[in-house]
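In: Sequence first, then the predicted structure, then my questions.
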Amino acid sequence: MSDDTRERLAEDCLAAVGDVFAALNRSAEGELLALDLTMTQFKATMALAVFGPQPVGGLGRRLGLSEPAASLLADRLEALGLARRTRDSEDRRRTLLALSERGRELTDRLRRGRDERLRRLLGRLDASELAALHTALAALARAARELAAEEGGDGDA
């Protein structure tokens with residue numbers, strides 16, 4: 001396969017992924033807009049769901065915030081009942097920010113909604129399309145793990 005053909009196929013894949021994400025986002029729009037959170041609060045809540053408890057400063061760095069801004073964000077997430085500060089069991093001097101039960105319920109509900117919408121999309125594929133997609137996604141997941149390892153990540157794609 002020529003480089004031009006590979007590049008064109010990659011661009012077509014990017015466009016298709018964009019279409020799928022757009023469809024998922026459109027179907028979740030009402031639920032997301034009903035959340036009374038700023039974008040930074042939403043991102044922080046999702047980061048805690050994905051990466052687990054972390055120091056307030058670490059969460060701030062992940063989100064591109066200064067230490068004072070991260071501390072204010074943590075205060076606000078606690079006030080909203082989405083997160084709680086806990087002592088690090090390995091270093092009692094360190095405080096971690098973790099999702100509260102309410103924060104976990106919110107992120108779980110959003111994840112279940114996304115998964116259900118994706119199941120409905122997958123249900124529209126015939127068996128051969130679903131098998132081909134499975135093969136392609138397994139290869140893409142492998143490539144994501146390899147790239148994460150090369151970049152020094154933990155490989156969670």
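Out: Cool, got the structure. In this text, all values refer to a predicted model and were calculated from it rather than measured experimentally. Numbering: from 1, shown residues only.
In: Longest helix in the protein, please.
Out: helix 3-34 (DSSP state H).
In: got the buried residues for that one?
Out: By 16 or more other CB atoms under 10 Å, the buried positions in helix 3-34 come out as 24, 27. Every residue, glycine included, has its C-beta placed from N, CA and C.
In: Check stretch 60-74 too.
Out: 60, 62, 65, 70, 73, 74.
In: Run the chain-centre distance for it.
Out: Averaging C-alpha positions (CA atoms, centre = their mean, to the nearest Å) puts stretch 60-74 18 Å from its chain's average.
In: Need the residues that contact it.
Out: Residues outside stretch 60-74 that contact it (CB atoms under 8 Å, 6 or more residues apart in numbering): 40-41, 43-44, 47, 51, 54, 56-57, 59, 83, 85, 97.
In: among the residues you listed, which ones are buried?
Out: Neighbour counting by 16+ other CB under 10 Å classes 40, 41, 43, 44, 47, 54, 56, 57, 59, 83, 97 among the contacts of stretch 60-74 as buried.
In: Inside helices: which ones of those residues?
Out: 40, 41, 43, 44, 47, 56, 57, 59.
In: quick one, what contacts the third one?
Out: Going by CB under 8 Å, 6+ apart, residue 43 touches residue 63.
In: Torsion angles phi and psi at residue 64?
Out: phi 80, psi 30 (degrees, to the nearest 10).
In: State the pLDDT value of it.
Out: Predicted confidence (pLDDT) at residue 64: the value is 95.
In: cool, the one 3 residues further on as well?
Out: pLDDT recorded at residue 67 is 92.
In: Out of the helices and strands in this structure, which is least certain?
Out: helix 3-34 (a mean of 86; mean pLDDT, DSSP states H and E).
In: What is the nearest of the ones in helices among the buried ones among the contacts of stretch 60-74 to residue 111?
Out: The shortest gap between residue 111 and any of those belongs to residue 47, at 13.9 Å (CB to CB).
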